[in-house]
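Q: structure, please.
(2 chains)
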Amino acid sequence: GAGVSQSPSNKVTEKGKDVELRCDPISGHTALYWYRQSLGQGLEFLIYFQGNSAPDKSGLPSDRFSAERTGGSVSTLTIQRTQQEDSAVYLCASSFPGYNSPLHFGNGTRLTVT
Amino acid sequence: KNQVEQSPQSLIILEGKNCTLQCNYTVSPFSNLRWYKQDTGRGPVSLTIMTFSENTKSNGRYTATLDADTKQSSLHITASQLSDSASYICVVSPVSGGYNKLIFGAGTRLAVHP
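A: Down below sits the predicted model:
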């Protein structure tokens, strides 16, 4: 595909359930990022992958959050035992490595925890 | 603390008019400053990337300026169109911590009315 693809686009789940969010980056982009965006807030960094490894997980808010990337491509963000404060839009971005490479974002997954 | 602050928080203009959005930052030293456009329900899209040594960059009707001495950037939109209605996000890339350490402003929400 031409762009970053995220699925599902919307997810409604009950408090306490686990959810998996998927990101398909642009082919050839070795860097992959997960961000969280709450209403009226700036993007909050969660985790960064270079290839399959995650050199920076500093933004994951708790041990309920985890992410993996396989084959240097698809990434999955998993949230266990969801809480209402996890409700937000989760955005994935990919890029070539380097300081001046633009990030290409997917359209996000809107997660609502009821 | 490294911060990126944008003003105004929101703005309404009439179609065809020009406008200027502001970004003040305290990140130092920095590698580059970026402007992204985010349509409602979509992921951000890169408009411009300026390195610390550049002071202007254009992309069609969008012109970004950078004053590294005063730590200010602006995004000027010329001859606005209804499709310019979106949030505009200023992002600064600090030199320290790696190129994945982007700092996002909260954005300016622009509404263009006919």
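Q: can we go C-alpha only for contacts and neighbour counts from here?
A: Fine.
Q: so who does the closest residue to residue B:82 other than its chain neighbours touch?
A: Among residues not flanking residue B:82 along the chain, residue B:112 sits closest, at 5.2 Å (C-alpha to C-alpha, 6 or more residues apart in numbering or on different chains). By C-alpha atoms under 8 Å, 6 or more residues apart in numbering or on different chains, the residues touching residue B:112 are B:12-15, B:80-85.
Q: which element is the most centrally placed residue in chain A on?
A: Central residue of chain A (C-alpha atoms, centre = their mean): residue A:34, 3.3 Å from the mean position. Taking DSSP states H and E as the definition, residue A:34 sits inside strand A:31-37.
Q: check which helices and strands that strand sits against.
A: Judged by 3 or more C-alpha pairs under 8 Å, 6 or more residues apart in numbering or on different chains; DSSP states H and E, strand A:31-37 is in contact with strand A:44-50, strand A:88-95.
Q: mind listing the strands that strand pairs with, and their directions?
A: Strand pairing for strand A:31-37, determined by DSSP bridges: strand A:44-50 (antiparallel), strand A:88-95 (antiparallel).
Q: looking at the ones you listed, spot the one closest to residue A:16.
A: strand A:88-95 (15.9 Å; C-alpha to C-alpha).
Q: ok, and what's touching the closest one?
A: Here strand A:88-95 makes contact (C-alpha under 8 Å, 6+ apart) with A:4, A:6, A:23, A:25-26, A:29-39, A:101-112, B:43.
Q: so how far is the helix or strand that that strand is followed by from its chain's centroid?
A: Next along the chain after strand A:88-95, taking DSSP H and E as the criterion, comes strand A:104-105. Strand A:104-105 sits 11 Å away from the centroid of its parent chain (C-alpha atoms, centre = their mean, to the nearest Å).
Q: and what of stretch A:71-83?
A: 7 Å.
Q: what's the spacing between the residue lying closest to residue A:101 once chain neighbours are set aside and chain B?
A: In this structure, residue A:101 finds its nearest non-sequential neighbour in residue A:95, 6.3 Å apart by C-alpha to C-alpha, 6+ apart. Residue A:95 sits 10 Å away from chain B, going by C-alpha to the nearest C-alpha, to the nearest Å.
Q: tell me how many other residues crowd residue A:95.
A: Neighbours of residue A:95 under the rule other C-alpha atoms under 10 Å in any protein chain shown: 22.
Q: so, low pLDDT: which residues of the chain?
A: I'll assume chain A. A:1 (pLDDT under 70).
Q: should've been chain B
A: Scanning chain B for pLDDT under 70 picks out B:1-2, B:97, B:99.
Q: on that earlier part again, looking at the helices and strands packed on strand A:31-37, which is buried most?
A: Mean neighbours per residue, mean count of other C-alpha atoms under 10 Å in any protein chain shown, is largest over the helices and strands packed on strand A:31-37 for strand A:88-95, with a mean of 26.
Q: would you mind writing the CA trace of that one as PDB?
A: Provided in PDB are the C-alpha atoms of strand A:88-95 (Å, rounded to 0.1, in the frame of the first residue of the first chain):
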ATOM      1  CA  ALA A  88      -7.700   7.800  23.100                       C
ATOM      2  CA  VAL A  89      -6.600   7.700  19.500                       C
ATOM      3  CA  TYR A  90      -3.600   5.600  19.000                       C
ATOM      4  CA  LEU A  91      -1.500   6.700  16.000                       C
ATOM      5  CA  CYS A  92       1.300   4.800  14.300                       C
ATOM      6  CA  ALA A  93       3.900   6.400  12.100                       C
ATOM      7  CA  SER A  94       6.800   5.100  10.100                       C
ATOM      8  CA  SER A  95       9.900   6.700   8.500                       C
END
